[in-house]
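Asker: no sequence on this one, just coordinates:
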């Protein structure tokens, strides 16, 4: 072979590798229309994009955005992180009109869970979304978990497994591929993988009985994708996080559990892996370990980041660090998922508009009331209330701009209702101040996890033992004469609690 031929061969090979590398990336971007670089990359092999709340205004705008993407590449995979609970992107401006997983687990009606997921699938499909990074199938066995909590169906493996099955079937029958996360299970942690690397010290028997049970259910239900968790699980791999572990992705997920769909990473810019291996290092190691798609762009949503990852993947193949066969296999699986989504789109129906009716029904069914004092005043409230909402530190998985609470929907139902919201730094000495002569409602999220919040609620209940406590998080601590648990802070949950306080369901308008 002549030198010119060798050069041409190298250029051709690198061009093919660049196309394969682009195929396995799932980048985000900024804007409510596709930027020029995304359109250009779709023509050069980019297989997927992921939408975040910054890309969403309303269903019509999202449908136009996805149509513009498909004008560049008809089979592009359009992903979104829509758990239809506290973590919502498609309804980030209003809050989800459906309950989250913990509420569905509290009702424990798999048929209802399937209906809610099918309803969501129809809405996403109508907007042109084809892959949803949901459901969260972690078993929330640690009530102090800072990042999962109400995102889980519950703390009991068999309950989580049966609702995983129902949710996957419902969403995929609605025309959208499901993605079970965070493999092999993020429930028993005290560390948020957005910031650092969680460690799970359970032995293999415990892992198979608890953490892995819902993932087996998801695989049996035909889930199209599984998302890795950035988790160190020494019983499975003492050295590498699951996202970067061939033992976990290849040996456990592929060989032992028989999963043959797409393995997508949790975002590679998250601290658990990026701080140790860098964006590019984490991406290359994940692909080598058996991942098929690299999620990136929650925080680094630009062409420079995408190009850096693509070029690092190509360089790794050329250097022999990433087998070309592995990259080819990954791109092939992404292509197979793209084909599935194209077929699923042909059968989609129109999605709900103006809020999910079945979601509100489910949220109402999830409410639980505990009367801890026989002398407690019965519901509904006797008149306009004063609502004190306590806001915990921001969970990065939940959009900071997504509204939540009981005060707003209650004020809409009972004119004259007043409210105040406190963070730790503004927690008052007398939280009951301002409620003289009127009902007092204390709204909390994960009361058991926040000492400052517990202290403030205790002060309020000392002054006003008749106050109603509304828990919008995990109801691990039940306190107050009357305690209302919604099992989530979605718009539907807040509405359901407000209706109970006001005297029952009112007009269905959202």
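Answerer: Arrived safely, thanks for sending. What you see is a predicted model; the values in this text were computed from it and never measured. Numbering: from 1, shown residues only.

Asker: quick one: the helices in the stretch 301-450 of the chain, in order.
Answerer: Assigned by DSSP state H, counting those that start in this stretch, the helices in the stretch 301-450 of the chain fall at 303-318, 324-345, 357-366, 407-413.

Asker: check the ones you listed for me and report the most buried one.
Answerer: helix 357-366 (a mean of 22; mean count of other Cβ atoms under 10 Å). All C-beta atoms are positioned from the backbone trio N, CA, C, and that covers glycine.

Asker: report all helices and strands that it contacts.
Answerer: If you count contacts as 3 or more Cβ pairs under 8 Å, 6 or more residues apart in numbering; DSSP states H and E, helix 357-366 packs onto helix 101-107, helix 110-126, helix 491-502.

Asker: I'd like the average pLDDT over that helix.
Answerer: The average pLDDT within helix 357-366 is 96.

Asker: hey, what's the angle from it to helix 110-126? Just curious.
Answerer: Angle, helix 357-366 to helix 110-126, by axes from the mean of the first three to the mean of the last three Cα atoms, to 10 degrees: 150 degrees.

Asker: which helix or strand in this protein has the lowest average pLDDT?
Answerer: Least confident element among the helices and strands of the chain, by mean pLDDT, DSSP states H and E: helix 3-23 (a mean of 68).

Asker: what's downstream of that one, the next helix or strand?
Answerer: The C-terminal neighbour of helix 3-23 among helices and strands, as given by DSSP states H and E, is strand 25-27.

Asker: can you list the strands that that next one pairs with?
Answerer: According to DSSP bridges, strand 25-27 has the following sheet partners: strand 294-296 (parallel).

Asker: so what's the gap between the partner strand and the chain middle?
Answerer: 15 Å (Cα atoms, centre = their mean, to the nearest Å).

Asker: pLDDT averaged over that strand, what's the number?
Answerer: Per-residue scores along strand 294-296 average to 95.

Asker: list the buried ones in that strand?
Answerer: Neighbour-count burial for strand 294-296, with 16 or more other Cβ atoms under 10 Å as criterion, is recorded at 294-296.

Asker: tell me the spacing between residue 47 and residue 190.
Answerer: 36 Å (Cβ to Cβ, to the nearest Å).

Asker: looking at those two, which is more packed in?
Answerer: Neighbour comparison, residue 47 and residue 190: the larger count goes to residue 47, with 25 against 11 (by other Cβ atoms under 10 Å).

Asker: quick one, what contacts the residue lying closest to the more buried one once chain neighbours are set aside?
Answerer: Computed as Cβ to Cβ, 6 or more residues apart in numbering, the closest residue to residue 47 that is not its neighbour in sequence is residue 23, at 4.1 Å. Neighbouring residues of residue 23 by Cβ atoms under 8 Å, 6 or more residues apart in numbering: 45-47, 330-331, 334-335.

Asker: neighbours around residue 203, how many?
Answerer: There are 10 residues near residue 203, going by other Cβ under 10 Å.

Asker: I misspoke; the intended subject was residue 179.
Answerer: 29.

Asker: these two touch, right, it and residue 134?
Answerer: Yes: with contact defined as Cβ atoms under 8 Å, residue 179 and residue 134 form a contacting pair (6.5 Å).

Asker: quick one: pLDDT of residue 95?
Answerer: Taking residue 95 on its own, its pLDDT is 96.

Asker: mind listing what it touches?
Answerer: Per Cβ under 8 Å, 6+ apart, neighbours of residue 95: 88, 402-404, 489-492, 494.

Asker: go again with 10 Å.
Answerer: Neighbouring residues of residue 95 by Cβ atoms under 10 Å, 6 or more residues apart in numbering: 85-86, 88, 399, 402-405, 408-409, 489-495.

Asker: what of residue 272?
Answerer: 191-198, 229-232, 241-243, 266, 282.
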